[in-house]
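Enquirer: give me a 3D structure for the following:
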Amino acid sequence: FGLKIGALIPPLPLQSCLALRPCFSRMAGATTAVKISGRKGRYEQFINGTYEQMGAIHNDRQVFVTREAQASYLFHTGKSRWVVSKRVDDGSACYCYVEDTGTDPVQAKGSWICFDQDKEWRADTKVHITGALASNDKFVKLRMSLDAELDKLGLQSADSLKALWKRLDFNGNNIVSLAEIDKFVLEMVSGGTWPAWLNNKPALMRAYKKTTLRGEQGDAWVHKDEFADLLLNLFWFNKLFMIFSEIGGGDRRMDLGEFQRGLAQLGLQLTGPEVQQEFKKMDTNGGGQVLFVEFCGYIRNRVSPDHNKSFDSDIISGEQCGKVMRKNHGNQGTHTHYITKKCMTDFDALETKIKAIIADLPQLRDLWHSVDYDGNNIVSLAEIDKLAVDKYPLLNHKPALMRAYKATIKGSGSNGDDWVQKHELKSLIGNMFYFNKLFWLFENVDGDSGRRMTFPEFKKLMTMTGAKMSDVEAQNDFRKIDKNGGGIVLFDEFCAYFTAKACPECLQAFVE
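Expert: Coordinates of the predicted model:
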């Protein structure tokens, strides 16, 4: 990333270290766009490119930003250099620089000094900067106008990103779940740091899914090197969902007319042929309609293309999280962190309590009020996670909770959305308990750790749960689960079967 020219000044908050201010009129005679080319070698992808005026002034000179995937900034240090860097600051860390005291980078004399592969600064005579035509692409113009809004929300500067990540990844384990993201967004909005339109559950789910699907890890967690991508997805999916709701997209699809109205609300006034040309880029099958999620991804990529921002080495997590907590908070920071082994006795005791709650209307009502703490009559994965942590720590196992949550929202009484409704409370409680219990037992039975079982494993697990079945009964039940006759039962299928068998009451709707 940025490399030292002089002594590296410790980063300050954006408002403190930047002398940036909005500039709504171009400086007289100033270059509106520049092109840097010719760099071969280290950081060429961050140096070469076309830079547009950003619409802001730093040290009494224009700031330029690339149109490329990962933004680079060209600005003056206020002393004697124009620099290209990943952020606008004092210029002490950058990719390259040129000596100049003027107001126009195109007029700078001398060679650009670049950081080479051997970590030495050298003049690169092949690097040139020339004036360029400002882009007429309406999406590029929109991109240039967004930095102020993104900065205000803390979605761009390195300092803001680091602070937000540390707040989100509060336990320092280097990954965050959907539940943690949901809770984080709710806190940022309820605390007044972010506007209310950023707390939209369907948009949050789409942002999360897009981030994890496009991430390099390929799992259900958002890693720290995917965090900037997550924030940009949150920004765009929420902003576009708000617009899409206003233009009447109840079916989560849009036609050409809705697409044009959506662009107009983004400030993009395209002509008829331009609209059709852009719409065809999304409507690849020519069906005349595109999914809302495709519209979101298209706009986000056109205006602020995908990029992954890495974090500097001071964000330490993973296996070092305990050391970091003790360094910052002393031994008391981790003295309450301990592991208690689970045992069948604990599960048996909790099962008795769970069945008693399911059979008792006042207890069910109290439980619903405790999990639906914001009173919106639906609960998210984050609220379910909080319920497990606060009330049922024995059930605080993320993979099992995720499976229980998915089984509930995909159940026969579900309306197909991503939220658990009030009438699904019994099903949720039952799934939470039995998925956790069986996950714990399953780890001792599943020999290949493939989350699937053969008939001998099925029979062994049933014996461990205390179920008394003859061999014939076990074979008949196994065949009921193994619908394709392949001789293998998936873990989730077994959990659904066992929950219905052990507690049929949880399949009934909660009705007051």
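
Enquirer: use CA for all of it now, contacts and neighbours both
Expert: Will do.

Enquirer: now do H369 against K391, distance only.
Expert: 13 Å (C-alpha to C-alpha, to the nearest Å).

Enquirer: dihedrals phi and psi, D104?
Expert: phi -130, psi 120 (degrees, to the nearest 10).

Enquirer: over to I57?
Expert: According to degrees, to the nearest 10, I57 has phi -110, psi 130.

Enquirer: just the one 4 residues further on next, same as before
Expert: When quoted as degrees, to the nearest 10, the phi and psi of R61 stand at phi -140, psi 160.

Enquirer: ok, now the one 4 residues further on?
Expert: Taking degrees, to the nearest 10, you get phi -130, psi 140 for the backbone angles of V65.

Enquirer: quick one: residues contacting it.
Expert: Each residue near V65 by C-alpha atoms under 8 Å, 6 or more residues apart in numbering is listed here: Y51, E52, Q53, M54, A71, S72, Y73, L74, M144.

Enquirer: top of those residues by neighbour count?
Expert: L74 (29 neighbours; other C-alpha atoms under 10 Å).

Enquirer: got the confidence number for it?
Expert: Here, the pLDDT recorded for L74 equals 95.

Enquirer: how about the one 3 residues further on?
Expert: In this model, T77 is scored at 94, pLDDT.

Enquirer: wait, doesn't it sit right on A93?
Expert: No. Using C-alpha atoms under 8 Å, T77 makes no contact with A93, being 10.8 Å away.

Enquirer: need the residues touching each of the two.
Expert: Common contacts of T77 and A93 (C-alpha under 8 Å, 6+ apart): none found.

Enquirer: farthest pair in the contacts of V65?
Expert: Greatest spacing in those, by C-alpha to C-alpha: L74 and M144 (13.6 Å).

Enquirer: helix/strand/coil for V185?
Expert: At V185 the chain is in helix, as set by DSSP: H, G, I helix; E, B strand; the rest coil.

Enquirer: same question for the one 4 residues further on.
Expert: The three-state assignment at V189 reads helix, by three-state DSSP.

Enquirer: quick one: pLDDT of it?
Expert: You'll see V189 listed with a pLDDT of 89.

Enquirer: against S177, how distant is it?
Expert: V189 is 19 Å from S177, by C-alpha to C-alpha.

Enquirer: next: F170.
Expert: 12 Å.

Enquirer: try V127
Expert: For V127, the distance to S177 equals 44 Å [C-alpha to C-alpha].

Enquirer: before we move on, what about I357?
Expert: 28 Å.

Enquirer: and for W194?
Expert: 20 Å.

Enquirer: please identify which of those two sits among more neighbours.
Expert: Taking other C-alpha under 10 Å, W194 and S177 do not tie; S177 has more neighbours (20 against 17).

Enquirer: the more buried one against H223, yeah?
Expert: No. At 9.2 Å, S177 does not count as touching H223 under the criterion of C-alpha under 8 Å.

Enquirer: sorry, back to before: now, which of the contacts of V65 sits nearest M282?
Expert: Using C-alpha to C-alpha, the contacts of V65 come closest to M282 at M144, 23.0 Å.

Enquirer: identify, by residue count, the longest helix of the protein.
Expert: Across the chain, the longest stretch assigned as helix under DSSP state H is helix 227-246.

Enquirer: tell me which other helices or strands it touches.
Expert: Contacting helix 227-246 under the criterion 3 or more C-alpha pairs under 8 Å, 6 or more residues apart in numbering; DSSP states H and E are the following elements: helix 201-214, helix 256-265, helix 292-303.

Enquirer: one more pass at 6 Å, please.
Expert: In terms of contacts (3 or more C-alpha pairs under 6 Å, 6 or more residues apart in numbering; DSSP states H and E), helix 227-246 is packed against helix 201-214.

Enquirer: poorly predicted segments of the stretch 151-300 of the chain, please.
Expert: 213-219, 246-252, 292-293, 296-297, 300 (pLDDT under 70).

Enquirer: likewise for the stretch 301-450 of the chain?
Expert: Applying pLDDT under 70 to the stretch 301-450 of the chain flags residues 301-341, 373-374, 413-416, 444-450.

Enquirer: could you pull out the helices for it?
Expert: Assigned by DSSP state H, counting those that start in this stretch, the helices in the stretch 301-450 of the chain fall at 321-329, 344-358, 361-371, 381-390, 398-409, 425-442.

Enquirer: surely T77 and G91 touch.
Expert: Yes. Assessed by C-alpha atoms under 6 Å, T77 is found in contact with G91 at 5.5 Å.

Enquirer: who has more neighbours, these two?
Expert: Set side by side, T77 and G91 show more neighbours around G91, with 29 against 21, by other C-alpha under 10 Å.

Enquirer: so for the more buried one, what's the pLDDT?
Expert: Predicted confidence (pLDDT) at G91: the value is 89.

Enquirer: how much space is there between it and L74?
Expert: On the measure of C-alpha to C-alpha, G91 and L74 end up 10 Å apart.

Enquirer: now swap in G192 and tell me
Expert: 33 Å.

Enquirer: equivalent analysis for K126, please.
Expert: 18 Å.

Enquirer: need the phi and psi values for V84.
Expert: phi -110, psi 120.

Enquirer: beta partners for it?
Expert: Counting by DSSP bridges, V84 is bridged to L74, C96.

Enquirer: list the contacts of it.
Expert: Y73, L74, C94, Y95, C96 (C-alpha atoms under 6 Å, 6 or more residues apart in numbering).

Enquirer: spatially nearest residue to L291 (excluding sequence neighbours)?
Expert: R253 (4.4 Å; C-alpha to C-alpha, 6 or more residues apart in numbering).

Enquirer: that neighbour: neighbouring residues, count only.
Expert: R253 sits with 17 neighbouring residues when counted by other C-alpha under 10 Å.
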